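A.B. asks: Okay, structure incoming, though there's no sequence with it:
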């Protein structure tokens, strides 16, 4: 699994683009990234380069670059290279959408994450939509 989606250079350009902090209480890209890490994933916005690499129709959603072991995201089965499209029935088009949705949902014991993800190697179907059930935090 190489390519733009998983390179450090691609990651730093995504994070650095608009990762400022807000003084008016609005969600920022930096806060959204931190909430993703709290949930158990390293994420970034789907840009044009990622859209082309993954052959997506639109540059929308949030790309999963890493899944942290033994996290809620890991237990839910979220995969590296998947694109998060919704969280608990809230559409995710941007990193800010992701941050707002995960902030509202992470406090809950149970919620769902809808992803668009690559099939397992050898699967002739290709990409598909998957819904992940996120249960209570494990001790």
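C.D. replies: Alright, I've got the coordinates. Worth saying up front: this structure is predicted, and the values here are computed from it rather than measured.
A.B. asks: Pull the distance from stretch 61-75 to the chain's centre.
C.D. replies: Centroid separation between stretch 61-75 and its chain, computed with Cα atoms, centre = their mean, to the nearest Å, is 7 Å.
A.B. asks: swap in stretch 108-120?
C.D. replies: 9 Å.
A.B. asks: And that stretch, what's buried?
C.D. replies: 111, 113-118 (16 or more other Cβ atoms under 10 Å). Every C-beta, even on glycine, is put in place using the N, C-alpha and C of the backbone.
A.B. asks: just stretch 95-105 next, same as before
C.D. replies: Going by 16+ other Cβ under 10 Å, stretch 95-105 has these buried residues: 95-103, 105.
A.B. asks: per-residue confidence averaged over it?
C.D. replies: Confidence for stretch 95-105, expressed as mean pLDDT, is 96.
A.B. asks: mean confidence for stretch 37-45?
C.D. replies: Stretch 37-45 comes out at a mean pLDDT of 97.
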